[in-house]
Structures are given as C-alpha cells and as structure tokens.
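[1] This is a predicted model, with the sequence first.
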Amino acid sequence: MNTCDDHGVDLSRGLEDVPVVCKELTFPIFQYSPDNIQGAGCTVDPSEVLLPGCSCRSRSCSMDTCSCLQTYGQAYHGSLLNLDRIPSGYSSPVLECNALCACSDACSNRVVQRGLQLRLEVFRTRDKGWGARTLEKIPRGTFVCEYAGEVIGLEEARRRQLAQGWEENNYIIAVREHTGTGCVSAAGSVTETFVDPAHVGNVGRFLNHSCLPNLFMIPVRVHSVVPRLALFAGRDIDALEELMFDYSGGNAGPAESGATQSDGAAPTSRTDALQRKACHCGTDICTRFLPLDRSVLT
C-alpha cells in the first residue's frame, strides 16, 4: 500500500488525485474504488456512458443553451453547490455534463466527476470505530466525496442484510428518488439505488452518522443513469473536524438548523445490523440510536 507525504498510508493506493491518509499501524482491508462498480443484481454498468451530451462548445455551459443544465437547473456557482436551488432539507438531483458533451473539461457543470480534491484522513474514533476527518477547512457547499461501492439490486441487498450478524455493520445505503411530481403513485414512480461499500468502496465508507451532520447527500448523474451519491458540506467545516452525515436521510439539507427532507427529495437510509445500536454523535439533538430501516427486508 502506498505511503504519502502526511506520514501515513494512502488507503486509495494512488487511485485518488489526493491521498486518503491513514496513520494507524493497522488499517481496514478492503478494495478501494473511487467510483461505483456493478454488483450482483444490478443490470446497468455504472461506468458505461448512457446519458446524452450537450452540444455547447463554450468553455463553460450556460443555462440558456445547455440541455444538461435545463434538465435540473443550475447546480453550481463556480465549484460550490448552488444552495439557493435547494430549499431547506430538499435534496433535488443534479445532472452534470458528461463525456459526450461538447463543452470543455473546465466547464463549471463538472464537479463531482473530478473526484476527491480534499485532504481527508481515516482515523480511529473514541467510541464509533473508524471515522473520517478533513485535514483542511471546507467551505459550505463544497463537494467532499462520494459514497461509492458496489451498486446492487434489491434482492441482493436483502440477502446481504439477512446474512449479517448483530455485531456487523451494514454499509448498504438506499436512495429512493421520486420522479415526475415527486409523489409515489400506484404505478410506481420511485427509483431505488442500493450501494454497498463494505468490500469494495471509497473513503465514504468510513463516514459516521450524526443526528446533526456537517454533510448532506445528493444524487448526481454524470455519464450513467445510476446516480453518484455525492456528499456536500452543509456548513463551513474546520480542519480536523470529523465528517458525518445522517444515515436516515433526515437533516439532509444544507441549512444548519437540520430540517428534514420534503416529499420531493431523495431519501437515503443506512442501517447498522438488524437491531438498534447506540448513537454516539454527541449532539444536543441526538436520538440515542442509529437509524434503523427495515424496508429492504419487506
């Protein structure tokens, strides 16, 4: 495993532009992948370019002419997420320009696809096992990292969850996106994505839960119909601060007050085994237990 300038091991093995530092003598063993990979039960290869591109030939796209921006709206101001387009607690999808687009690689609508740009460290927390923290200040609205791993089907997610012992962590996260008007209909207007970074994943697998998180998740589509689960800073974050998000998808908006998601949002959920575990986030609004979502099992 590669060493890095921060006197630690690079858990990414050079696969990220910026090393993922771990200074512990022993560290988790898993296959590092910066991107989602196709897993059991997934019928689409997340690496395959399936979405059409825009015909903009400018250095950076504009709302007036770009078909990508016209789909979901202007996602970014420079490199920062346009928080004005996301009401408190509402995580609407983002569509970035892709490999088939005529615009340049410097287009302002290309952020998540550039990968990890921040110096992050994986470390042992006092009472939450492994965690991840930032080694530099992060402004509000900054893309921090993806939650990447194997994209699997519902039946495989159910099988893996049932096979776990009570002491094991379940890394599977489920993202449910409402389509059309954002209402669940009898015909079914919800798209579900299941990502499991337990054995193949990136630095996002080390992020712990908080009832008042400093990160929030938004589905971002780049080349594929399979969304990338992108985590953005919900507030300014100090160097050496632990990075956390709400596994239940609540408190997911960029507002520091931590409002819950509205019906049009993309709810997420991650459960830790099949029984409730204590939450150690230490916030004033801590619910005392990690979120428990049994919907995969029903």
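    Now that the structure is in, tell me what you want to look at.

[2] Most distant residue from the centre of the protein?
    Ranked by distance from the centre of the chain (CA atoms, centre = their mean), the top residue is residue 57, with 30.0 Å.

[3] What sits closest to that residue if chain neighbours are left out?
    residue 102 (5.0 Å; CB to CB, 6 or more residues apart in numbering). Quick note: C-beta positions are derived from backbone N, CA and C, even for glycine.

[4] Around the one you found, how many other residues sit close by?
    14 (other CB atoms under 10 Å).

[5] Look up how far residue 108 lies from it.
    In this view, residue 102 and residue 108 are 15 Å apart by CB to CB, to the nearest Å.

[6] Could you do residue 163 as well?
    44 Å.

[7] neighbour count winner among these two?
    Using other CB under 10 Å as the criterion, residue 163 and residue 108 rank with residue 108 on top: 19 against 8.

[8] Identify the residues contacting the closest residue to residue 116 other than its chain neighbours.
    Spatial nearest neighbour of residue 116, excluding adjacent residues (CB to CB, 6+ apart): residue 16 at 4.5 Å. Residue 16 makes contact with 10, 34, 115, 116, 202, 203, according to CB atoms under 8 Å, 6 or more residues apart in numbering.

[9] Let me know the pLDDT of the first one.
    By that I understand residue 10. On the pLDDT scale, residue 10 is placed at 96.

[10] unless I'm mixing things up, it is touching residue 18, no?
    No. Between residue 10 and residue 18 there is no contact under CB atoms under 8 Å: 9.2 Å.

[11] the more surrounded of those two?
    Legend: neighbour count by other CB under 10 Å for residue 10 and residue 18, higher for residue 10 (20 against 16).

[12] May I have the secondary structure class of residue 156?
    Classification of residue 156 by DSSP: H, G, I helix; E, B strand; the rest coil places it in helix.
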